[in-house]
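Engineer: whatever this is, show me its structure:
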Amino acid sequence: MKISCLQQNLSRGLAIVGRAVATRSNLPVLQNVKISTQNDMLVLTGTNLDIAITTKIGAQIEEEGEITIPARLLTDFVNTLPDDRIDMESSADLMSVSLKCLRFEANINGTDPAEFPPIPTVDEGSTIKIDPQILKETVDYVAFAAATEDSRPVLTGIKVEVNNDDFTFAAADGFRLAVYQGKLVDSIDDNFEFIIPARSMQEIGRLIGTDSSPVEFIVTSAGTHALFNIGNVEIVSQLMPGSFPNYRSLIPENYKNQVIADLSDFTNAVKTASIFARDGSGIVRIQIVNNSDSSGLSISSRAEELGENQGEIDARVEGEIDEESRIAFNNKYLADVLDVLGEGEVVFEMTGASSPGVLRSISKPGYTHVVMPMFVQW
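Structural biologist: A predicted model of the protein is given here:
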């Protein structure tokens with residue numbers, strides 16, 4: 001292989017595929033990036049077996065070929081080079097690649113590309129198109145609620161449902177549930193559902209830029225893999241087996257009290273309470289107040305040995321107020337959802353101290369977030 005390309009383009013390409021390169025693995029080749037040529041383009045590929053990312057960059061190809069070399073070493077070296085042309089040449093016999101850029105050069109030992117795991121082919125199946133900014137927002141609003149531990153592997157994924165021109169993404173970790181409903185660019189004839197790892201969707205969300213072209217993804221008919229096309233980047237992700245919980249049954253159909261508050265006020269009050277909550281089992285107490293002067297929410301926390309705090313924010317309150325109009329949450333779960341809601345007003349619905357609380361955004365009617373309460377002594 002003998003090629004030339006620009007340092008800026010190679011650096012950008014390595015940064016993209018590097019998100020899929022395994023940091024630790026029983027297979028050393030998974031810590032490598034595969035470099036190959038195709039149709040006058042330089043093709044870079046990284047995979048950790050769960051997700052594979054491939055991107056193409058412009059290059060001058062003198063000789064075809066392919067090789068895999070350590071991704072971190074190559075990336076670090078390329079990032080330090082001047083913004084100029086890089087000449088790369090690999091030797092099939094020695095399994096190494098030489099790089100030259102102005103007065104800098106290096107030789108890096110590689111491995112046989114035959115050892116690199118094949119990337120699953122996804123060329124048949126149901127094709128879905130979603131506006132890129134809507135998909136990015138959906139991932140931001142949902143993925144953080146997925147579980148990060150593998151005690152229940154299916155909860156580390158996002159349930160995706162597609163019905164005509166509607167889509168629904170849902171994630172839950174046993175303590176909270178995030179659901180986002182939206183519209184596809186084009187309606188489809190097939191109705192189907194699958195579970196995709198939340199980490200895969202987060203990587204896809206990071207790769208979405210400002211391009212307005214729809215993100216296209218294909219789901220295999222066997223339901224084993226999904227292929228996402230984002231510009232000149234392809235992402236292939238494994239889909240997850242198993243049965244996702246019936247999340248719709250977790251969303252309360254009714255509520256006793258509804259509170260509409262300014263999102264920034266609510267967020268700041270929770271952040272203030274979190275200062276004491278972090279030394280008090282992470283508990284934030286919320287109580288609806290309604291008196292002759294004002295109505296709103298009282299948000300408090302306490303650390304038994306350190307102290308306590310209480311703050312109030314104005315809000316519009318609906319429903320009868322009594323001693324049951326109070327609830328406690330884990331401060332992290334509450335802060336996480338408030339952070340992603342953006343600006344405007346937030347709707348908070350509750351029934352009592354032992355029932356889940358629901359948060360919605362006025363500006364995002366398709367979004368619902370459910371948080372399970374904590375049981376405390378008031």
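Engineer: just the helices in the stretch 51-200 of the chain please.
Structural biologist: Here the stretch 51-200 of the chain has its helices, by DSSP state H, counting those that start in this stretch, at 71-80, 132-142, 198-207.
Engineer: can you redo those as TSV with mean pLDDT?
Structural biologist: Below are the helices of the stretch 51-200 of the chain laid out as TSV (pLDDT from 0 to 100):
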stretch	mean pLDDT
helix 71-80	97
helix 132-142	95
helix 198-207	94
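Engineer: out of these, nearest to Val347?
Structural biologist: For Val347, the closest of these is helix 132-142, at 14.8 Å, according to CB to CB. C-betas here are computed from N, CA, C, even on glycine.
Engineer: just give the closest residue to Asn164, not the sequence neighbours.
Structural biologist: In space, and not counting its chain neighbours, Asn164 is closest to Ser187: 5.0 Å by CB to CB, 6 or more residues apart in numbering.
Engineer: could you do Val289 as well?
Structural biologist: Ser298 (5.1 Å).
Engineer: quick one: list the elements packing against the one helix or strand that neighbour maps to.
Structural biologist: Take DSSP states H and E as the rule and Ser298 turns out to sit in strand 295-303. Secondary-structure packing of strand 295-303 (3 or more CB pairs under 8 Å, 6 or more residues apart in numbering; DSSP states H and E): strand 257-262, helix 263-277, strand 283-290, strand 307-318.
Engineer: give me the domain ranges for this structure.
Structural biologist: 2-115, 126-248, 251-371 (automatic domain parsing).
Engineer: contacting residues around the residue nearest to the spatial centre of the chain?
Structural biologist: Taking CA atoms, centre = their mean as the criterion, Gln202 is the residue nearest the geometric centre of the chain, at 2.4 Å. Gln202 is in contact with 139, 143, counting by CB atoms under 8 Å, 6 or more residues apart in numbering.
Engineer: look up how far Thr156 lies from it.
Structural biologist: Remark: distance between Gln202 and Thr156 (CB to CB, to the nearest Å) = 11 Å.
Engineer: where in this protein is pLDDT low?
Structural biologist: Applying pLDDT under 70 to the chain flags the ranges 280, 292, 378.
Engineer: about what we covered before: ok, the residue nearest to Val289 touching Gly311?
Structural biologist: Yes. The pair Ser298 / Gly311 is scored as a contact, 7.5 Å apart, by CB atoms under 8 Å.
Engineer: just to revisit the earlier point, in TSV: the helices and strands packed on strand 295-303, plus mean neighbour count and distance to Asp165.
Structural biologist: What follows is the helices and strands packed on strand 295-303, written out as TSV (neighbours: other CB atoms under 10 Å; distance: least, CB to CB, whole Å):
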stretch	mean neighbour count	distance to Asp165
strand 257-262	19	30
helix 263-277	20	29
strand 283-290	21	38
strand 307-318	16	33
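Engineer: got TSV for those, with distance to Thr111 too?
Structural biologist: Listed next are the helices and strands packed on strand 295-303 as TSV, based on distance: least, CB to CB, whole Å:
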stretch	distance to Thr111
strand 257-262	57
helix 263-277	48
strand 283-290	52
strand 307-318	58
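Engineer: closest to Pro82 out of those?
Structural biologist: Proximity to Pro82, assessed across the helices and strands packed on strand 295-303 by CB to CB, is greatest for helix 263-277 (44.4 Å).
Engineer: I figured Val219 hits Ala226, correct?
Structural biologist: Yes. In this structure Val219 lies within contact range of Ala226 using CB under 8 Å: 4.9 Å.
Engineer: picking that back up, now the helices of the stretch 51-200 of the chain in JSON lines, with distance to Leu27?
Structural biologist: Below are the helices of the stretch 51-200 of the chain laid out as JSON lines (distance: least, CB to CB, whole Å):
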{"stretch": "helix 71-80", "distance to Leu27": "13"}
{"stretch": "helix 132-142", "distance to Leu27": "28"}
{"stretch": "helix 198-207", "distance to Leu27": "19"}
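Engineer: for Asp265, which of these is the nearest?
Structural biologist: Ranking the helices of the stretch 51-200 of the chain by proximity to Asp265 (CB to CB) places helix 132-142 first, at 20.6 Å.
Engineer: contacts for the closest one, please.
Structural biologist: 130, 158, 169-171, 178-180, 182-183, 201-202, 204-205, 208-209, 211-215, 230, 340, 364, 367.
Engineer: can I get it in PDB, CA atoms only?
Structural biologist: The C-alpha coordinates for helix 132-142 follow below in PDB (Å, rounded to 0.1, in the frame of the first residue of the first chain):
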ATOM      1  CA  PRO A 132     -30.400  14.100  12.200                       C
ATOM      2  CA  GLN A 133     -31.100  16.800  14.800                       C
ATOM      3  CA  ILE A 134     -34.200  15.000  16.000                       C
ATOM      4  CA  LEU A 135     -32.300  11.800  16.300                       C
ATOM      5  CA  LYS A 136     -29.500  13.600  18.200                       C
ATOM      6  CA  GLU A 137     -32.000  15.200  20.600                       C
ATOM      7  CA  THR A 138     -33.800  11.800  21.100                       C
ATOM      8  CA  VAL A 139     -30.500  10.200  22.100                       C
ATOM      9  CA  ASP A 140     -29.700  13.000  24.500                       C
ATOM     10  CA  TYR A 141     -33.100  12.800  26.100                       C
ATOM     11  CA  VAL A 142     -33.200   9.000  26.400                       C
END
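Engineer: just the buried positions in it, please.
Structural biologist: 132, 134-139, 141-142 (16 or more other CB atoms under 10 Å).
Engineer: do stretch 291-298 as well
Structural biologist: For stretch 291-298, burial by neighbour count (16+ other CB under 10 Å) applies to 295-297.
Engineer: start and end of it, how far apart?
Structural biologist: 12 Å (CA to CA, to the nearest Å).
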